[in-house]
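**Student:** here's my sequence, what's the structure:
(chains A and B)
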2 protein chains.
Amino acid sequence: MNIEIFPIGVIHSPFSMLEGMPIQPAGAAGVQGTVEVFEAFQAGLEDLDGFSHVILLYHLHRSSGFDLRVVPFLDTRPRGLFATRAPRRPNAIGLSVVELDRVEGGVLHVRNVDVLDGTPLLDIKPYVPEFDGPTGVRVGWLEKTQEAVRDRRSDERFK
Amino acid sequence: MNIEIFPIGVIHSPFSMLEGMPIQPAGAAGVQGTVEVFEAFQAGLEDLDGFSHVILLYHLHRSSGFDLRVVPFLDTRPRGLFATRAPRRPNAIGLSVVELDRVEGGVLHVRNVDVLDGTPLLDIKPYVPEFDGPTGVRVGWLEKTQEAVRDRRSDERFK
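**Tutor:** You can find the predicted model right below:
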């Protein structure tokens, strides 16, 4: 039973290559980009400008295939894929929480963009702490390395 | 350019009908459910048990079609679809942050489940505050109504 999804827009960022990319929004602090929403869907952007952050879902279009164990950027040993944010996944759907500067017509101006230029947009959801921001969080193997994400950059391993 | 995705598991919850469902995890506080991951993908669950929360992506399989303006559960006037979490979207991909109690083989025992029983699972990502929990958040039209989400339940409008 397969499900069909399709782009509703395109994400533009300064990153044209996987190499050198920040690997999460926290590592892309301040990096500006735009989210171009196709005309057919622009009416759905109404009221979005009141939100400071949005969740972008997108197609990890440069990833292909997957391994169930991967060595994450932030570690030196293999981890279960679903305990990582590695882009090569059974369903190549990426998720980033970005800061929304402003909406101009069909274009969102956003900050902290950690995706490749030209990435197909699948959905935009408002970020709501009451829904999306749990407290008392533990982060397993990332506990000691979470801080490092700010400085690490992508390399070739996830192509 | 369509993209094919497919279920990697099934989410089980106490909710067999859209009516009466909590509309977000915050409204499903304590509600227990399980996430059954198909055998072919179970090796990817290694290391996940160190995380207290996971992000589930799933197919909103009971939603069909979409309107670009909807009256959200929490409001009385139409809002742009992308400024809401309404399940009828161009790409029917749902996202919930749930609490992870434990992992037993291929089954995650989770809390705060706000999805229908039988929902097809697309992806599991670890919830990492550094990536997913921005601070200084504004929530637009939801500002005055966010608290109400705890008490509101689904009705027929999103079928």
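**Student:** going by C-alpha atoms from here, please, whenever you check contacts or count neighbours.
**Tutor:** Fine.
**Student:** do the lengthiest strand in chain A and chain B meet at all?
**Tutor:** For chain A, the strand with the greatest residue count under DSSP state E is strand A:93-104. Yes: Strand A:93-104 is in contact with chain B by Cα under 8 Å from any Cα of the partner chain, via A:93, A:96, A:97.
**Student:** please identify which of those residues is nearest to residue B:3.
**Tutor:** Nearest to residue B:3 among the residues of strand A:93-104 next to chain B is residue A:93, at 10.2 Å by Cα to Cα.
**Student:** give me the neighbour count for the residue nearest to the closest one when sequence neighbours are not counted.
**Tutor:** Spatial nearest neighbour of residue A:93, excluding adjacent residues (Cα to Cα, 6 or more residues apart in numbering or on different chains): residue A:59 at 4.9 Å. Applying other Cα atoms under 10 Å in any protein chain shown, we find 22 residues neighbouring residue A:59.
**Student:** contacting residues around residue A:59?
**Tutor:** Taking Cα atoms under 8 Å, 6 or more residues apart in numbering or on different chains, we find residue A:59 in contact with A:7, A:92, A:93, A:94, A:119, A:120, A:121, A:122.
**Student:** can you list the weak-confidence ranges in chain A?
**Tutor:** A:1, A:19-27, A:146-159 (pLDDT under 70).
**Student:** what are the ranges of the strands in it?
**Tutor:** A:3-5, A:9-12, A:32-37, A:53-59, A:69-70, A:79-80, A:93-104, A:107-111, A:119-126.
**Student:** same question for the second one: list its buried residues.
**Tutor:** Just to be clear, that refers to strand A:9-12. For strand A:9-12, burial by neighbour count (16 or more other Cα atoms under 10 Å in any protein chain shown) applies to A:9, A:10, A:11, A:12.
**Student:** now render those residues as JSON lines, adding distance to residue A:63.
**Tutor:** Listed next are those as JSON lines, based on distance: Cα to Cα, whole Å:
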{"residue": "A:9", "distance to residue A:63": "19"}
{"residue": "A:10", "distance to residue A:63": "16"}
{"residue": "A:11", "distance to residue A:63": "16"}
{"residue": "A:12", "distance to residue A:63": "17"}
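**Student:** re earlier: just the contacts of residue A:59 now: which is nearest chain B?
**Tutor:** Among the contacts of residue A:59, residue A:122 lies closest to chain B (Cα to the nearest Cα), at 6.3 Å.
**Student:** just give me the residue closest to the centre of chain A.
**Tutor:** Centroid-nearest residue in chain A, with Cα atoms, centre = their mean: residue A:96, separated by 2.9 Å.
**Student:** and stretch A:136-146, what's buried?
**Tutor:** In stretch A:136-146, counting by 16+ other Cα under 10 Å, buried: A:138, A:139, A:140, A:141, A:142.
**Student:** and stretch A:55-75, by the same measure?
**Tutor:** Buried-residue list, stretch A:55-75, by 16+ other Cα under 10 Å: A:55-61, A:63, A:66, A:68-74.
**Student:** how about stretch A:38-45?
**Tutor:** A:41, A:42, A:43, A:44, A:45.
**Student:** thinking again about what came up before, any idea how far the residue nearest to the centre of chain A lies from residue A:115?
**Tutor:** For residue A:96, the distance to residue A:115 (Cα to Cα, to the nearest Å) stands at 8 Å.
**Student:** what do these two both touch?
**Tutor:** With the criterion set as Cα under 8 Å, 6+ apart, the contacts of residue A:96 and residue A:115 do not overlap.
**Student:** of all the buried residues of strand A:9-12, which comes closest to chain B?
**Tutor:** For the buried residues of strand A:9-12, the nearest to chain B is residue A:9 (11.3 Å; Cα to the nearest Cα).
**Student:** beta-bridge partners for that closest one, please?
**Tutor:** residue A:37, residue A:121 (DSSP bridges).
**Student:** need the contact list for it.
**Tutor:** So residue A:9 contacts A:35, A:36, A:37, A:38, A:120, A:121, A:122 (Cα under 8 Å, 6+ apart).
**Student:** leaving out sequence neighbours, find the closest residue to the second one.
**Tutor:** Looking back up the chat, that one is residue A:36. Nearest to residue A:36 is residue A:107, by Cα to Cα, 6+ apart, at 4.7 Å.
**Student:** quick one: the one you found and residue A:33 touch, right?
**Tutor:** No: when contacts are counted by Cα atoms under 8 Å, residue A:107 is not listed as touching residue A:33 (10.1 Å).
**Student:** which one of those two is surrounded by more residues?
**Tutor:** residue A:33 (22 against 18).
**Student:** give me the nearest residue to the more buried one, chain neighbours excluded.
**Tutor:** Nearest non-adjacent residue to residue A:33 (Cα to Cα, 6+ apart): residue A:13, at 4.6 Å.
**Student:** what's the separation between the one you found and chain B?
**Tutor:** 18 Å (Cα to the nearest Cα, to the nearest Å).
**Student:** that residue reaches residue A:36, doesn't it?
**Tutor:** No: Residue A:13 sits out of contact with residue A:36 when judged by Cα under 8 Å, with a separation of 11.0 Å.
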